[in-house]
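[1] Okay, predicted coordinates and the sequence, questions at the end:
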Amino acid sequence: MKNIAVFTSGGDAPGMNACIRAVVRAGIYYGLNVYGIVRGYAGMISGDIRKLESHSVSNIIQRGGTILKSARCEEFKTKEGRAKAYEQIRKHEIDGLVAIGGNGTFTGAQIFYEEYGIPTVGAPGTIDNDLYGTDYTIGFDTAVNTALDAIDKIRDTADSHDRVFFIEVMGRDSGYIALRSGIGGGAELVMIPERPNSIERVIETLRSGKFNSKTSSIVIVAEGEQIGNANSVAHQVRQELSELDIRVTTLGHIQRGGSPTALDRIIASRMGVAAVEGLLEGKKNVMAGIINNEIIYTPFIDTITKKKPLLQDLLRMLPILRI
Ligand code: F6P
């Protein structure tokens, strides 16, 4: 193997830059030429591919976003799109790829290998933490801390005005950010897609909070919650508990930005180095994750199809901590 390329794809996540840096530096350390593909699969198709040197990744470890930019690319889902991408990969004589991204990114890499035989090793980059095969994904810890900071601020004003706040956090199909920020932020209730909810249960919990003489409450709603988003849940609760003064805040994309936490920088660096080492050992179509503090390579197919279990212990604690 002589030439490898790195790219970021899907939703960006704080720590992706630290991972790019690790891939570039590890590649150079092991005597490889390292290229950067701009805008993920879109740049692979258009040929936006540049050689990266050690200094190209100086002073980025602390920066959010991704210097390689990111995109969700529809064209790569087509055979014609992938043929164009292969043409560019061949032209640059790239013999291995490092993909930093989530489910969609690894699905694309798996299909690309089946069609053209280009080996890819992935690093899990998504704030959602919804990938099987790793305890943490790059960006998750930063997103939780950003959400926590917002929850703490909202708690101040909720308390001053004796209000109930419904706070929506990101997580398209996953309750990881909601659960962790809910426990860390002292929420009364956390609503996540992995656990069936009912509006009756929400109403009952808020009612019992009143009996326990709570004057303000925080409810965290994951974006992917089945019974509705934070606005719709709040609307339904208002119908039944008109005496409550309810407000809604959607945190949105602030969770995707900002300087990565120490944890995110360190796991991103470890995963980036492990991805390059994996390629050099002949690994393909696997993700370099961290389980129990050890690097573990998990086949893409498992990261895509297997559901990562939620931390039952956190779920179990919620009713204990809200009395
Ligand atoms: O996958 C990460 C994520 O932030 C999800 O939590 C969210 O649903 C989605 O991306 C938003 O994507 P976009 O920025 O493309 O709207």
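    Arrived safely, thanks for sending.
[2] how about the residues of the stretch 51-200 of the chain near the ligand?
    Residues of the stretch 51-200 of the chain lying close to the ligand (C-beta under 6 Å from any ligand atom) are 102, 126, 127, 128, 170, 171, 172. C-beta coordinates here come from the backbone N, C-alpha and C atoms, glycine included.
[3] For these, give me TSV that also has secondary structure, pLDDT and distance to residue 213.
    What follows is those, written out as TSV (DSSP: H, G, I helix; E, B strand; the rest coil; pLDDT from 0 to 100; distance: C-beta to C-beta, whole Å):
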residue	secondary structure	pLDDT	distance to residue 213
102	coil	97	43
126	coil	98	41
127	coil	98	36
128	coil	97	36
170	coil	98	33
171	coil	95	32
172	coil	90	37
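[4] could you dump those to a markdown table with neighbour count?
    Listed next are these as a markdown table, based on neighbours: other C-beta atoms under 10 Å:
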| residue | neighbour count |
| --- | --- |
| 102 | 28 |
| 126 | 28 |
| 127 | 32 |
| 128 | 27 |
| 170 | 25 |
| 171 | 27 |
| 172 | 14 |
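[5] The top helix by length along the chain: how far from the chain's middle?
    Ranked by residue count and defined by DSSP state H, the top helix of the chain is helix 140-161. Relative to its chain's centre, helix 140-161 lies at 19 Å (C-alpha atoms, centre = their mean, to the nearest Å).
[6] same check, this time on stretch 264-283
    18 Å.
[7] Can you report how many residues neighbour whichever residue of the stretch 1-150 of the chain sits closest to the ligand?
    Residue of the stretch 1-150 of the chain nearest the ligand, by C-beta to the nearest ligand atom: residue 11 (3.5 Å). Residues contacting residue 11 under the criterion other C-beta atoms under 10 Å number 20.
[8] need the strands for the stretch 1-150 of the chain, in chain order.
    With DSSP state E, counting those that start in this stretch as the criterion, the stretch 1-150 of the chain has strands at 3-8, 33-37, 49-52, 96-101, 120-124.
[9] coming back round to it: just the pLDDT at the residue of the stretch 1-150 of the chain closest to the ligand, thanks.
    According to the predicted model, the pLDDT of residue 11 comes to 97.
[10] on that earlier part again, so the longest helix of the chain versus strand 120-124, what angle?
    Compare the direction of helix 140-161 with that of strand 120-124 by axes from the mean of the first three to the mean of the last three C-alpha atoms, to 10 degrees and you get 20 degrees.
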